[in-house]
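Undergrad: fold the following.
(one chain, ligands or ions: 1)
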Amino acid sequence: MMELSKPARATCTLLRLFWWESDRSVRAEAVLRLAAVVSVLLFRGKAGVWLSTIRRQQTQELLRREASSRSVLRYLGALVLLSPVSKIYWRLLRGLRLQWERHLTQHFLVRFLDAQCLGQRFGRPEQEECGSRHPDQRIAADVGKFVQLATSLSLDSLQAGIDLYFYSALLRGISPALSKTALLAAAAGTLVVRFLGRNLPALYGAERFADGNFTYVLTRMRENAESIAFYGGQQHEVKLASDALDLRQNTEWVRLAEKDVVQHFSDQYRQILSLSPALLLVQSSAAGASVDAAVLAQASEAFDIVTRRLMILSENWSDFSRLNTVALELYAYHLEQSNLDSSEGGICLSPLQADYGHVGQTWLSLEDLSLWAGDRILVSSLSFAAPSKGGLLITGQSGSGKTTLLRAIAGLLRGQGGSGHVRRDMAPGHVLFLSQRPYMTLGTLREQLSYPFGFAAGVDDAALCGILKRLGLDHIVLQSKGSLDVVSRWDEILSLGEQQRLSVARILAQRPMYAVLDEITSANDPQHEANMYSCIALTCSAFLSVGHRASLEAFHSRRLRLLGTDGRWELEALS
Ligand SMILES: Nc1ncnc2c1ncn2[C@@H]1O[C@H](COP(=O)(O)OP(=O)(O)OP(=O)(O)O)[C@@H](O)[C@H]1O
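TA: Residues are numbered from 1 along each chain as shown. Predicted coordinates:
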C-alpha cells in the first residue's frame with residue numbers, strides 16, 4: 001500500500017475526526033451543509049460558463065452594431081439575478097466551518113490540557129515525527145486555521161475541477177492546440193513553483209515557533225511582573241522579549257522572501273502565458289483572415305481559467321505549506337493521546353477492584369510503583385495501602401519525588417516516567433486533589449468554592465459564609481458587601497496563604513470523602529495550619545498529604561519517608 005507523507009497522514013487523520021468519527025447527527029448535518037455548498041459551487045460554475053457565452057454574443061453583436069437594448073438588459077438582468085449566489089455560497093461555507101471548528105476544538109481541548117500536564121515532564125514521543133511545538137500553542141486558533149485552510153483549499157480544488165470540466169471543453173472547441181498548450185504550461189509552472197518554494201513548509205513552522213515563543217515571553221512577563229520588579233529584572237526581561245521579537249521578525253523576513261520569489265514567478269509566468277491565445281489563434285487562422293475579437297476574448301478568458309485551475313497547487317503553494325504546518329502540530333496532540341491510550345507498561349491507573357467508597361475500606365493502593373526523573377530513580381517498588389481513616393504524611397528532602405508521587409496517584413504520569421499500579425477510588429467527586437500552587441478559577445467567590453465538583457447537599461449561603469469565617473476569610477465577603485457573587489481576579493487580590501485557605505474551604509463546601517494535599521499550608525502560619533488540618537480531618541474520612549514541617553506530624557497517623565537515594569523509602573506509624 002502506498003505510504004502517505006507525514007503532512008498528508010496528519011491531514012487525513014484530522015479530517016477523519018470530524019467527517020468519519022464524529023456522532024451520526026453531527027456528520028449528517030455536516031454532510032447536508034457540504035451538499036448545499038457543493039450544489040451552489042456547481043451552479044456557480046455552470047452560471048459562469050453561461051455568462052461567458054452570453055458575453056461573447058453581446059460583444060459580437062456590439063461589434064456588428066447589432067446589439068439591441070433588450071439583449072443588453074437581459075445580460076444585465078442575469079448579472080443582477082446571479083449576484084447573490086456568491087453571498088449564499090460564503091454563508092453556507094461559514095456555517096460548515098463553524099460547525100467543524102466547534103467539534104474539533106472541543107475534541108482537542110481535553111487533549112490540550114492533558115498534554116500540558118503529561119507531556120511537559122518527560123518529553124513527547126511524537127516530537128521527532130511532528131516537529132517541535134511552539135510554547136504558546138493556541139489550540140482554538142490552530143483548529144480555526146486548519147478548518148479554514150482545509151475547507152478553502154478543498155473547495156478551491158473542487159471548483160478547479162468543475163471549472164476545468166466546463167472550460168476545457170470550451171477551450172478545446174475554440175482551439176485544441178490552445179488546450180494542449182494550457183496543459184503543458186501548467187505542468188511546467190507547477191514544477192518550477194514547487195522547486196522555488198520547497199522550503200516554505202519548514203519556514204512556516206519556524207515562524208510559528210518564533211511567534212509562539214515571543215507571545216510566551218510576554219505572557220510570562222505579565223504573569224510574573226511583580227516578582228520581576230522585586231528583582232529589578234526589567235532590563236533582562238526586555239532583552240529576552242526583544243531577542244524573541246528579533247527571531248520572529250527574522251523568520252518572517254526569510255519566509256516572505258521565498259514567498260515573494262514564488263509569487264513573482266507566478267505573476268510573470270501568467271503574464272507571459274496570457275499572450276498565448278492571441279499567438280496561437282492568429283497562427284492557426286487562415287492567412288490574411290482576421291481573428292474574431294469576441295472569440296479571442298472568450299479564448300483568453302477560458303485559457304486563463306484552465307491554466308490557473310491546472311496550477312491550483314502552485315497558485316496556492318503558500319496556503320498548502322501553512323496547512324501542512326498546522327496539521328502536523330494538531331496531529332502531535334492526537335498521537336500523544338493515542339500513545340498514552342495504547343502504551344503498555346508504564347504506570348497503570350485503575351479503580352479499586354473491591355466495592356470501595358465505604359468508610360473502613362482502603363481508598364488508594366500502590367503496587368510495585370517505581371518513579372524516575374530522567375535517569376535518576378526517585379521511588380523504587382513502592383507498595384502500600386493508604387489508611388482508610390486518618391492521614392498519611394509523605395515527607396522527604398526537596399527534589400526527592402513527593403510531588404511526582406502525587407502526580408502518579410492523580411494519573412498525570414500515565415504511561416511515562418515510571419511503572420507499577422495505582423488503584424484508587426475514582427468515583428466522581430470522591431477524591432479532591434489540592435496542588436502545591438493553589439488554582440483560582442475565573443468567576444465569582446461562589447464559583448471558587450464550588451470548583452470543581454459543586455456544593456455538597458445542604459450547603460447554602462449561610463454555610464458558605466460560615467466556612468469562610470472558620471478559615472479566616474470572612475473579610476473577603478465583607479469587602480464584597482456580603483455578596484458571594486462578586487467577580488474578581490482572585491489569584492491577584494488574595495495572598496498566597498489566603499488562596500491556600502480558600503482551597504481548603506472547597507473541601508468543607510464539597511465534602512469529598514478523601515483528599516490529596518500537596519504542601520497546602522506552606523504559606524500559612526502554624527495557627528492557620530492547625531485550623532486547616534482540623535477542618536480537613538473533620539470533613540474527609542482519610543487524606544494523604546505532602547509536607548516538610550514537623551508540625552504536620554500531629555495531624556497524621558502514618559508517614560511515608562522518601563529517602564532520596566536509590567529510590568528507597570520507609571513507612572512508619574506516627575504516635
Ligand atoms: N518537568 C520535569 N522534567 C524533568 N524532571 C523533572 C520535571 N519536574 C520535576 N523534575 C525532577 O523530578 C524530581 C522530583 O521532583 P518533585 O517535584 O517530585 O520533588 P519534591 O520532592 O516534590 O520537591 P519539593 O519538596 O522541592 O517540592 C526533581 O529532581 C525534579 O528536578
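Undergrad: verify the stated contact: Leu183 with Phe303.
TA: No - in this structure Leu183 lies outside contact range of Phe303 using C-beta atoms under 8 Å: 11.0 Å. In short, each C-beta sits where N, CA and C put it, glycine included.
Undergrad: state the number of residues packed around Tyr514.
TA: 20 (other C-beta atoms under 10 Å).
Undergrad: quick check: bridge partners of it?
TA: On the basis of DSSP bridges, Tyr514 is bridged to Val431, Ala542.
Undergrad: what does the one 4 residues further on give?
TA: When assigned by DSSP bridges, Asp518 has beta-bridge partners Val546.
Undergrad: so what's Glu367 closest to, chain neighbours aside?
TA: Of all residues not flanking Glu367 in the chain, His421 sits nearest, at 4.0 Å (C-beta to C-beta, 6 or more residues apart in numbering).
Undergrad: got phi/psi on Ser68?
TA: Torsion angles at Ser68 (phi, psi; degrees, to the nearest 10) stand at phi -90, psi 150.
Undergrad: tell me which helix or strand in this structure has the weakest average pLDDT.
TA: Scoring the helices and strands of the chain by mean pLDDT, DSSP states H and E places helix 127-130 at the bottom, with a mean of 48.
Undergrad: so Leu183 and Phe303 - more neighbours on which side?
TA: Phe303 (27 against 13).
Undergrad: list the contacts of the more buried one.
TA: Phe303 makes contacts with 171, 178, 181-182, 273-274, 276-277, as judged by C-beta atoms under 8 Å, 6 or more residues apart in numbering.
Undergrad: three-state assignment of it?
TA: helix (DSSP: H, G, I helix; E, B strand; the rest coil).
Undergrad: check which residues of stretch 438-449 are buried.
TA: Across stretch 438-449, burial judged by 16 or more other C-beta atoms under 10 Å covers 438, 440, 444-446, 448-449.
Undergrad: pick the one among those residues closest to the ligand.
TA: Closest approach to the ligand among those (C-beta to the nearest ligand atom): Pro438, at 14.7 Å.
Undergrad: the ligand contacts on the chain?
TA: 120-121, 373-374, 378, 396, 398-404 (C-beta under 6 Å from any ligand atom).
Undergrad: restricted to buried residues, select those in ChimeraX.
TA: Here is the ChimeraX command that picks out the buried ones among those, judged by 16+ other C-beta under 10 Å:
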select :378,396,400,401,402,404
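Undergrad: so which pair among the residues of the chain next to the ligand is furthest apart in space?
TA: The distance between the two most remote of the residues of the chain next to the ligand (C-beta to C-beta) is 22.0 Å, for Gln120 and Gly396.
Undergrad: adding pLDDT, write the buried residues of stretch 438-449 out as TSV.
TA: Formatted as TSV, these follow (pLDDT from 0 to 100):
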residue	pLDDT
Pro438	91
Met440	91
Thr444	93
Leu445	93
Arg446	94
Gln448	93
Leu449	95
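Undergrad: in JSON lines: the residues of the chain next to the ligand, plus distance to Ala210.
TA: Shown next, in JSON lines, are these (distance: C-beta to C-beta, whole Å):
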{"residue": "Gln120", "distance to Ala210": "20"}
{"residue": "Arg121", "distance to Ala210": "25"}
{"residue": "Ala373", "distance to Ala210": "30"}
{"residue": "Gly374", "distance to Ala210": "28"}
{"residue": "Leu378", "distance to Ala210": "35"}
{"residue": "Gly396", "distance to Ala210": "40"}
{"residue": "Ser398", "distance to Ala210": "35"}
{"residue": "Gly399", "distance to Ala210": "33"}
{"residue": "Ser400", "distance to Ala210": "38"}
{"residue": "Gly401", "distance to Ala210": "35"}
{"residue": "Lys402", "distance to Ala210": "37"}
{"residue": "Thr403", "distance to Ala210": "32"}
{"residue": "Thr404", "distance to Ala210": "32"}
